[in-house]
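1. Next one to model:
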Amino acid sequence: MKLEIGSRAPAFTLVDPSGATVRLADFAGQRIVLYFYPADDTPGCTTEACQFNDELAAFSDLAVTVIGVSPDDGAKHERFIAKYGLNFRLLSDPERSVMAAYGAYGEKQLYGKTVTGVIRSTFVIGPTQRIEHAWYGVRANGHAARVLAALRT
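-> Numbering: from 1, shown residues only. Model (predicted):
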């Protein structure tokens, strides 16, 4: 199920690599970019993470927090963050339940085959916790710039 613009963002409670609990409610009154990706330290996911990281100052100028979510555990996130010098939070969704709530987990095409997995997806969640922008089946390269452009319009 894809989320529609204007719909309420599904609530979530996940953990970061330090084990700290992070909830959507923690960001009430703020704008966030929440992006879902399949796995740390893979080519597309690394490209996407590094491009979001490269644009963090621009997101910050717009008062937007960037958060990445994958099924990977905290230890894998810590290695990924250290290897690429990432300066934003990565959260773990090992059950893929939050991904499913956002429509970012399910059937997709991979090399011409239908498989079940993480659907690379990004959401801008506004201060009232409504979906302002939604992208499904994202191409990693250049995506951070596309999100920034949408935020600036």
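2. check contacts around Pro127.
-> 28-31 (Cβ atoms under 8 Å, 6 or more residues apart in numbering). C-beta coordinates here come from the backbone N, C-alpha and C atoms, glycine included.
3. same thing but 7 Å
-> In this structure, Pro127 makes contact with 29-31, judged by Cβ atoms under 7 Å, 6 or more residues apart in numbering.
4. and the gap between the nearest residue to Pro17 once chain neighbours are set aside and Val15?
-> Leaving aside its sequence neighbours, Pro17 sits nearest to Gly74 (Cβ to Cβ, 6 or more residues apart in numbering; 3.9 Å). Per Cβ to Cβ, to the nearest Å, Gly74 is found 7 Å from Val15.
5. Overlap in contacts, these two.
-> Shared contacts of Gly74 and Val15, defined by Cβ under 7 Å, 6+ apart, comprise Ser92.
6. re earlier: next, the contact list for the residue nearest to Pro17, please.
-> Going by Cβ under 7 Å, 6+ apart, Gly74 touches 15, 17, 19, 92.
7. All good on my end, thank you.
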